[in-house]
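Enquirer: quick one, what's the 3D model for this:
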Amino acid sequence: MPFAAKWTEEAARAEAAKYPNRTEFIRGSGGAYSYLKRHGLLDEVMPRQCERWTEARVREIAATCAGRHELHRASHGAYKAMHRLGIADELYPPKVTRWTREKVLKAARECRDASEFWRRFSGAGKYARKHGIRVRYGGQITRDRNGVSVLRLPWEARP
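Expert: Residues are numbered from 1 along each chain as shown. Just a heads-up that it's a prediction; the model follows:
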């Protein structure tokens, strides 16, 4: 239709029938789209094609994913719906480690240096810093003169 033409309901409906979806319709014929939207006929002429996320549908998709991050990458809509429905902790319980002095020292023993320790066990590092635990990496657990548990590296000389 020419640019200055006024749209009628019949002409706008006929124009809408040429397009498979709303995106193509608005790109191809913005005037007809605006007319239908302005008169409240758009949903009648061209219903929305997206589905509402139900809890059952979210659970179905979440069953195929190992964790929250994987669900977010696989289906962002399902991820958002999971949080909107309040079932995130039910589907993927948070992984919380309760750090103790022994667990921190064991974690440090598995690491070669501080950067590896902080990369793999940042929570343990924060616990150690907060509770004053001196952490040495990759050695044996010993106690120093003050009774503090310390990991001694194999090449460290004892005082």
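Enquirer: for the chain, which spans come out with low pLDDT?
Expert: Under the criterion pLDDT under 70, the flagged ranges of the chain are 1-5, 49-51, 136-159.
Enquirer: quick one: contacts of stretch 20-28?
Expert: Applying Cβ atoms under 8 Å, 6 or more residues apart in numbering, the set of residues contacting stretch 20-28 from outside is 15-16, 18-19, 32-33, 42, 46, 48-49. C-beta coordinates here come from the backbone N, C-alpha and C atoms, glycine included.
Enquirer: neighbour-wise, which of the residues you listed leads?
Expert: Ranked by neighbour count (other Cβ atoms under 10 Å), these have residue 32 at the top, with 25 neighbours.
Enquirer: quick one: that one is in a strand?
Expert: No: under DSSP: H, G, I helix; E, B strand; the rest coil, residue 32 falls outside any strand and is assigned helix.
Enquirer: list the contacts of it.
Expert: Applying Cβ under 8 Å, 6+ apart to residue 32 gives the contacts 1, 7, 11-12, 15-16, 25.
Enquirer: now swap in residue 78 and tell me
Expert: Here residue 78 is in contact with 53, 57-58, 61-62, 71 (criterion: Cβ under 8 Å, 6+ apart).
Enquirer: pull out the buried residues from the residues you listed.
Expert: Buried members of the contacts of residue 78, counted by 16 or more other Cβ atoms under 10 Å: 53, 58, 61-62, 71.
Enquirer: in helices, which of those residues fall?
Expert: Counting by DSSP state H, these place 58, 61-62, 71 in helices.
Enquirer: nearest to residue 131 among those residues?
Expert: residue 71 (34.9 Å; Cβ to Cβ).
Enquirer: counting neighbours, what do you get for the residue nearest to that closest one when sequence neighbours are not counted?
Expert: Residue nearest to residue 71 in three dimensions, not counting chain neighbours: residue 65, with 4.2 Å by Cβ to Cβ, 6 or more residues apart in numbering. Using other Cβ under 10 Å, residue 65 is surrounded by 18 other residues.
Enquirer: go on, residue 41?
Expert: 15.
Enquirer: what sits against it?
Expert: If you count contacts by Cβ under 8 Å, 6+ apart, residue 41 has them with 9, 12-13.
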